[in-house]
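Participant: show me how the following folds:
(5 chains)
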Amino acid sequence: MIHLWLPLLLVCVLAGAGAYGVIARRNAVLVLIGVELILNAANLLFVTTASVRGDQLRTGYVLTLFLITIAAAEMGVALAVILALFRDRGHIDLSEPGS
Amino acid sequence: MSDSVSLSAQVVILAPFVAAILGLLVARNRPAGALISIAGAAVSLVAGAHVLYAIHHGPFSPEVPTVGPLPLGQLKMPLTLLVDELSAIVVVAVAIVGLAVQLFSQWYLHDDDRYGVFVASVSLFLSAMFLVVLSGDLVLTLIGWEVMGWCSYLLIGHNSRKESANKAATKAFLVTRIADLAFVIGLIILASGVSTTSITAVIDGWPDLPAASLTAAFLCLLIGVAGKSAQFPFHDWLPDAMEGPTPASALIHAATMVAAGTFFLARLFPIFVLSDPARLALAMITAVTMVGAAIIAFGQSDLKRMLAYSTLSQIALMLSALAVAPASVGAGPGVLHLLSHAMFKALLFLAIGWLSVLVAGTAAAKMSGGVRYHPQLRLPIAIGLLALAGVPPLVGFVSKESILGAAYDNVTELGSLSGWIVLVSFGVTVVLTAAYCTRAWLVLTHLSPADEAVRRASLAASRTVVDVSLVEIFTEPAPGTVRDSSGTPGQPAAEVEHDHGHAGIFPGARVSIGALAFLSVVGGLIIFTPLVGVEPHLVWGLAASSLLLILVAWLSVRRMAAMNSSGDAADFLGARRIALFDRGFGVDGIYVAVVSPVVRLARIVVTADRDLIDASVRSTVVATRWAGAASERAHTRKPSDYLVWLLLGLLVVGVSGVTLW
Amino acid sequence: MTTLDILFAAVGLITAASAVLAVTTHHLVHAALWLVVTLGTLAGCYLILGAELVALVQLLIYVGAVVVLVLFALMLTRAPIGSSPEHSASLVQRVAAALIGAGTTALFASVLLPALGGELRTTRAGDTQSIATQLFGSWVWPFELLSLLLLVALIAALAVSRMPTTPTIPTTPMIPTTLTTRTSVDDIPAKTGGESA
Amino acid sequence: MSQAVVSVNAGLLLPVLAPAAGAAIILVTDVVVQHLRRTHYVIALLSLLVGAAATVAGLGLGRVAGEARRTLCLPDGGQCMYVADSVTSTLQLAALLTAALTLLLSWPDDKLESPGGTAVIVSLVLAATAGATAVAGARDLGTWLVALELATLPTVALVALRGARSAISGAVALLTAALVSFGLLALAAGLWYTATGSGFLTPVAALAMVGDPTRRPILVLAVVVAIAGIGFKLSLVPFHAWTPEAYDGAPLPIAAFLAGVSKIAALAALLVMIRAIAPLGAPPLAAIAIVSAVSMTLGNIMALRQNGVIRLLAWSTVAQAGWVVLPLAAVSSSAVHASGAYLLAYVLATLLAFAVIAALVQIRGAARARDLAQYRGLLGDHPILASALALALLSLAGLPPGILGLVAKVAALRPVVDSELWLLAVIAAFNAVLGVAVYLRWLLVVISTSDPAAKVPAPAVPDGVSPVAATVARVHPATLVAVGFTAVALVVTSLSPQTLVGMLGI
Amino acid sequence: MILLFAALAIPAVAGTALILSGRGSRPLSGGNANMLSLVASLATAAFVLAAVIARPVVDQQWLPSLGIRLQFAVDGISAPLLILTAALSVAVVVHAGSRPPHGGSPATFYGCLQLVELGALATFFARDAIIFYVSFEIVLIPMWVLISRYGDSRDLVARADASGRFVLFTVLGSTLMLIGILALVQASGTASLDALAASRGAGLERHTQIIIAALLLVGLSIKIPVFPLHTWLPPAHTIAPTAGSVMLAAVLLKMGTYGVVRLVIAPLPIGFGALAPAFAILGVAGIIWGGLACLVENDLKRLIAYSSVAHMGFVVLGLSSGTTVGLQAALFANIAHGVVSALLFFLVGGLKERWGSADLATARAALREVSPRLGFALIVGFAASLGLPGLVGFWGEFLAMYSAWNPAPDRPLLLMRVLVVVAVLGAGVAAGYSLRVLRLIWSGDRTTPAHTDARGGEWSVLAVLVCSVLVLGVAPGLVLNSTAKDVAAITAEVSR
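Facilitator: Numbers count the residues shown, from 1 in each chain, chains lettered A, B, ... in the order given. Okay, the predicted model is just below:
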């Protein structure tokens, strides 16, 4: 038995922290961390819902697994681009205007 | 029978119209132009005579179709002509004057390069005048009314190389047009009441409708009439219109157009009598005009302008007849004076025009003694002036006395204020008319030895350089006008006349003057025919006293003339006063005062159009640019800033979605 | 308050705190490490909610792979070891970020909590077997698409990282970036910006 | 517990499978035989055309409501994860053809040569296309999320692979926006799941929630968060900022891909969700109205200031995205069709513009082809290309002879008017004006006579030889095919818009 | 049916062909383009005439998804406008033959003229509200090209400004109109203009009608143009080449008033009735505003443009009255303004080419002295412009004032009558500016610098227009009888 407000509040906090991290950071990698937090908020929401109201398809769990995988794929491409950025400019500061 | 009347009525209008169009097409060909224009007027005269004859000899349908009724829903617009005694007799009179003028023009403008255009315009004018006279529909009246105004514009500005003529033409048209605006509203009110523009329906229907509306309609119409007939305060354009060639003045500014208002009110007389306030207004307007114009006429240094003022005064007379005639008397006296005035005033203008050609000018100083040198003009001018003064048994006497009779009837039967006003002003006018007629006659017959020497010299000079002067007239800039420039009296405006003194007058022109003179003498008999529905109603006491007044005026003016070496009684007034008279007491200033705010307003409008309305349009462009610049600054091209936007967008979209959806 | 409530509250508090630290700390590497903590404790939360498989995958992929990638990225981009506040945005932007973050939290909380927050629910153990059945049965289509996505991401990452770019700075020595190098790093964009403009 | 395993109809999935398989084949081929170039293109085009052929059966379906082809259905007559009705099929066809056209544009472009060779580029394009077609058919959260990401992630690499500094900038802008937006999409999916308790994006799922009014706000939040997430991909303000950077930095064909296939994928994703909630009888969506109005306005205002044609087109995309979602403010089935119709018209016209620019790049060089001022006198120099460009611009502006654009505008405004969103409609009207200003500004340059002053210093050329013709290269036939195909399509659909609009069904 | 399609297809094909042939290695010469265009225009005119007589009806599926049908037909209201359009299209080509365009390829010039004709004809033929809108838009780009490429060559910035204003204003107007049309179609469930007119707004609530009517009126007012939305007109007229000015003033403006009759008055009687007073006020404001601006305006083309604003004010006044007389007046004034403004713009265009500018302040040879034909045409044109009875300009103005004096029962009587009085003053101002122009350029004694009089094509066009001014002035029934039946069908419900 669990009160749902606990996990849901955590979802909100994670989402908010992620949003903060995305904006408040200049370093591209740190921005990625913010994104991960947002994704994890979504994951927690899925898991919470799934565990209290499981459906036959196990949607919540399956989608969480999907999201984790997608996050990994994203991270790969993102890091490649960030590295390209670094090689090109010598920094990965997102608050520098692009050319 | 009835068909032939209809056809004739249509021909009356169509003949000069066709003549005008054909005349324009052959404008370069002088003989063809002359033939067409004279034929047009002649055909109208014949057709008009036929109508007049037919009316008294058999049944006829008064409603004659024109271009067919217009489909306008609730508004009936039959566009028919109305043929009756009134219109038929006026048609004949107008046709006579028109034909005379066409004949005279052929001589008068025989060396004018725009003769063809001139006579075409005159033809068009005649057509329009016939339309007004024969119109059985308010709209047809309006069409003829305005086309006449436009022709007047064209004819006054005939010599468009002359700045003064252009100005006079513009002024004439503008003044009449502005007055016509009220006329249009008046017509609309009249038509609205009965939902038709048919004049018979209007006359039949209005007695049952509110009198206030009728009064409003007639007050509006009176403004239009006052404009067209050059009554106070719209009168000032007419003297200036003397810039036009004299035949045009004779036709338009003496015999026909200016009298059209009289005819129109006579046409509507059955309902006009129902509106006492309107009649009172008309009486006051005409009283002021007849007296004022007669006074100014006396002081004119230019005889043609004197005739113009005299026209104002006489038109006021006819209108005043309509203002006072009791319903039982009808419009007859006014129409009668219209007819007689048409004859003798046209005669006077043509004769003066003839003389002006012979003496090369219309100024009193130039014409001084003109009749002595050109005795062939003695009789026509004498007849004309006598008729104008109202001396029996000439036509002027008859018509004036009938007006006097109508006024008397009004005073005795109705005792209305307008009757008294007219009666008194009539008396004053009789004296003044006789006075300026006398003055004119004395000037024309006067000749001092000194003048004679000068005249001979100038005539000799003008003959020796005749070819040069002809050329000069067309190539040199016209002498500047005097009337509008700083009030200093210069040469009278109509001074420059074509010098064809060497050319003998054409027989046609001579015949036309003769015919008019004849009619001026015997025209008074018309009152004894059934052609005009006027009972000879002469109040002998009044007639006698008016004759007495004429005599007094004659004698006193002779005395005044004798006191001047020039023989001009007006010189008695002194040069400065004459200048004032020449300026028509400066009524122009009123027009300027009215117009200049409009022009100022127009400047404001143009400024506002640019700096207010269009600026608000342009400001959207500026705003777009500004917004563009602002958002360009916002687009820092920094990814981190974009992320702020993105998440801010999430918040905005999320909050709006959750709260507004 | 149930036992699970207390348990979740404890773990969740750590998760939330470490998440906040991960996005606020001035140490780059600390940020990555706080992320590890967050992800790890989140796996704990999943366990409490009865999702063992998810918790395991979370540990395996997130903590095991993603965070490692992040750390690699930090190293490859020569992240400084010490405190480096310059990696945070300007104060204004941070205030904005705080407002937006708080706003996001509030927005979600205002919707989620009133609707469901009061519910007291039993958690069901996520039976791994049925999850597997569904994953490879019902969800086979997205699963296959996901595999294509992974493949493509791999190739894309490979291609992008092998892409020959013209380095705008001469290869600087592979030493930990210090304050001095930071200033030089700051200089460069200005210079290049001038070139491109 | 039941063995919930779905049935699979591979034929229906062909529009997705074909490009996916094409990508795989190309990658394998590349491993086997290296440095192939043309072969990859041929394989790619073939696979795209096969996919396109497979969509044809679905076009014009739905004249009877609900008529659709389904697969991946749950066994006991339950819901299906893939539904190919007329809207789906049309969007899939558009995506596949658009991808084929962008490949035609990139065919001769040596600049696309990258470390992975042609194979990487082409397979990435195919994969993204597969994502776009998949999302159009998706009816479950899993496919929806994965397919969207599949349609997005390769484009980041495609932009970056040009290697130029501006390309990296564009890729970074695109990447960051894509990552955050995906986070939002994931949250939206979670909220949807929480609200409905179902993993399906279908009216059935949405209606299941109706009984519990407390969950309605959650569903609403799910939708609006999804709009925010998809808004990035559609270039809606304020999620748009990557657009000019990425378009400008990307190779020209990839920019066309972003303007075409990406937008189709995004709208397809949005439509899936809108169609799911449409039966709820929802009132107008204020969130979309706001975003749409702001997008149009900002897009047009910024487009007015651009001096480079690619950036101009990028901002035009932003503005047009506003028009695309405009009808969706009124949540209804007709709005879905209108939105789809507008998107098709926009994609067609934009593709033609890109194709003409690509041709000009080959004739005049990239610098001249990207500079707006250099288009002066184009009508005199290259009448056919200029006419095609004029047609494209006028279609975008929505003025005859680009009647397709005009009809699209009519279609887009209609649901708005039907829902009596007067303010939004008037804003749209003002933006129609701004849009006309944007495109006519370009067109004015095109139809102006070339500046005589600029021609004077041109070197003396022998009589009879046009100075332009003497120096320029020829346009690659593939590009010409692309220009010709889109131009003809635009003309035909302008004369008979039903051919295009009718595909979406009624 | 074939008549209708031919009347639309010929300008479409000819226009496209001309535009395309104006380019490339062997562009079509000006003379050939003129010939081709003349043949096309004459053929179109013949088919239009035949269509007006035969009254064919076309109703075909075009875009079933949006419920748009290709519905074309001719009725009494559109017939005069169609003839006007076809005739003026011939006239501009003939005129351009004697005074060739400059600024670009002549073939493109003629092609654009053909397309403008196509759009105007299609607008007047259209019987489907959406097709009406589409046709409405067809004229924009060709006209924009005409202004921006073939306009006054001296000032490129002014050219871009004028053409831009024209197209942007019009697009704003037509898009607002589109919104109104869509609302109308949605509310009444049909896009057929005939069905809309027949329904007479039945089943539409008052406030719905008002909203829709307001949108439509604002949109159409820009095209008409109604004060204060007129500021695009003077620059467009000033800059446009003669043919452009003529088509703009004589044909394109008419599309606005025609739209008001078809889309607002007929289907939305109550909504229009509610807005009519405001509409009338703006119309009368335009009469005064335009007239006053003419009194001091020194650019002849701008002056005529402002006078157009004033004249269209009378049309608006007539429309606002809501009576048969008013509608008849408005439709007649529409045609009248078409003829008169065409005449004046032909004249002024020719004069501007001769003089090099249209500035009135410059002293020049008096037209009456050096070119009597131009002078004659000018005097007729301005006489008609000031509403001289007996000429074409009179009937519309007079009847409009009559109708406003006796408006439909639901109009505020006092206001309308006050408006008539003000409008009458505007007619007086018209006399003022007309005579001002005549005094400045027609009369006088200067004969230098001399220039050629109108000859050949130019003179024949002017002569025909002068004749039309006279004929329609003398026999207004030619137009009024054509429109009467259909107007009665519209107003029978509006006023009673």
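Participant: can you tell me how far the residue positioned nearest the centre of chain C is from chain B?
Facilitator: By C-alpha atoms, centre = their mean, chain C has its centre lying nearest to C:Leu35, at 6.3 Å. With the distance defined as C-beta to the nearest C-beta, to the nearest Å, C:Leu35 ends up 18 Å from chain B. No exception for glycine: its C-beta is placed from N, CA and C like everyone else's.
Participant: pull the contacting residues for E:Leu319.
Facilitator: With contact set as C-beta atoms under 8 Å, 6 or more residues apart in numbering or on different chains, E:Leu319 has these partners: E:Thr257, E:Val260, E:Val261, E:Ile265, E:Ala276, E:Phe279, E:Gly283, E:Gly326, E:Leu327, E:Ala330.
Participant: thought the first one was touching E:Ala329?
Facilitator: Meaning E:Thr257. No - the criterion here is C-beta atoms under 8 Å, and E:Thr257 misses it with E:Ala329 at 11.3 Å.
Participant: what is in contact with these two at once?
Facilitator: The contact lists of E:Thr257 and E:Ala329 share E:Val315, where a contact means C-beta under 8 Å, 6+ apart.
Participant: so which of those two has more stuff around it?
Facilitator: E:Ala329 (32 against 25; other C-beta atoms under 10 Å in any protein chain shown).
Participant: now the more buried one: closest residue in space, sequence neighbours ignored.
Facilitator: E:Leu399 (3.4 Å; C-beta to C-beta, 6 or more residues apart in numbering or on different chains).
Participant: for that neighbour, give me its contacts.
Facilitator: The contact partners of E:Leu399, by C-beta under 8 Å, 6+ apart, come to B:Leu72, B:Leu75, E:Gly318, E:Val325, E:Gly326, E:Gln328, E:Ala329, E:Phe332, E:Ala333.
Participant: from these, which is closest to B:Leu268?
Facilitator: Of all these, B:Leu75 has the smallest distance to B:Leu268: 18.9 Å, by C-beta to C-beta.
Participant: that closest one: neighbour count?
Facilitator: B:Leu75 has 23 neighbouring residues, counting by other C-beta under 10 Å.
Participant: for it, give me phi and psi.
Facilitator: Here is the backbone geometry of B:Leu75 (degrees, to the nearest 10): phi -90, psi 120.
Participant: contacting residues for the closest residue to it other than its chain neighbours?
Facilitator: Using C-beta to C-beta, 6+ apart and skipping the chain neighbours, the partner closest in space to B:Leu75 is E:Val325 (4.8 Å). By C-beta under 8 Å, 6+ apart, the residues touching E:Val325 are B:Leu72, B:Gly73, B:Gln74, B:Leu75, E:Gly318, E:Leu399, E:Tyr402, E:Ser403, E:Asn406.
Participant: tell me which of those fall in strands.
Facilitator: When DSSP state E defines the strands, the subset of the contacts of E:Val325 inside them is B:Leu72, B:Leu75.
Participant: so how far is D:Ala186 from the closest residue to B:Pro69 other than its chain neighbours?
Facilitator: The shortest distance from B:Pro69 to any non-neighbouring residue, by C-beta to C-beta, 6+ apart, is to B:Pro78 (4.6 Å). Distance of B:Pro78 to D:Ala186, given as C-beta to C-beta, to the nearest Å: 83 Å.
Participant: who has more neighbours, those two?
Facilitator: Taking neighbours as other C-beta under 10 Å, B:Pro78 and D:Ala186 compare with D:Ala186 leading, 29 against 21.
Participant: which residues sit against stretch D:352-360?
Facilitator: D:101, D:105, D:252-253, D:255-256, D:259, D:309-310, D:313, D:368-370, D:378, D:382, D:385, D:388-389, D:391-393, D:395-396, D:475, D:479-480, D:482-483, D:486-487, D:490.
Participant: name the residue of the stretch 201-350 of chain E that lies nearest to chain B.
Facilitator: Going by C-beta to the nearest C-beta, chain B is nearest to E:Thr324 of the stretch 201-350 of chain E, at 2.5 Å.
Participant: which residues sit in contact with the closest residue in space to that residue that isn't next to it in sequence?
Facilitator: In space, and not counting its chain neighbours, E:Thr324 is closest to B:Gly73: 2.5 Å by C-beta to C-beta, 6+ apart. Shown in contact with B:Gly73 (C-beta under 8 Å, 6+ apart): E:Thr323, E:Thr324, E:Val325, E:Gln328, E:Val487, E:Ala488, E:Thr491, E:Ser495.
Participant: can you give me the strands for the chain?
Facilitator: Assuming you mean chain A. A:2-3.
Participant: not quite, go with chain D.
Facilitator: D:69-73, D:80-84.
Participant: tell me which other helices or strands the first one touches.
Facilitator: Contact analysis of strand D:69-73 by 3 or more C-beta pairs under 8 Å, 6 or more residues apart in numbering or on different chains; DSSP states H and E lists strand D:80-84 as its packing neighbours.
Participant: distance between the strand it packs on and the chain's centre?
Facilitator: 22 Å (C-alpha atoms, centre = their mean, to the nearest Å).
Participant: ok, stretch D:324-335 next?
Facilitator: 17 Å.
Participant: for stretch B:216-226, same thing?
Facilitator: The answer for stretch B:216-226 is 16 Å, by C-alpha atoms, centre = their mean.
Participant: show the average pLDDT along it.
Facilitator: Predicted confidence along stretch B:216-226 averages 91 (mean pLDDT).
Participant: what's E:Leu70 sitting at in phi/psi?
Facilitator: phi -80, psi 90.
Participant: that one touches E:Ile130, doesn't it?
Facilitator: No - using C-beta under 8 Å, E:Leu70 makes no contact with E:Ile130, being 10.3 Å away.
Participant: looking at those two, which is more packed in?
Facilitator: Set E:Leu70 next to E:Ile130 and count neighbours by other C-beta under 10 Å: E:Ile130 wins out with 24 against 18.
Participant: what about C:Pro164, how many neighbours?
Facilitator: 9.
Participant: quick check: it is in a strand.
Facilitator: No - assignment of C:Pro164 by DSSP: H, G, I helix; E, B strand; the rest coil gives coil, placing it outside any strand.
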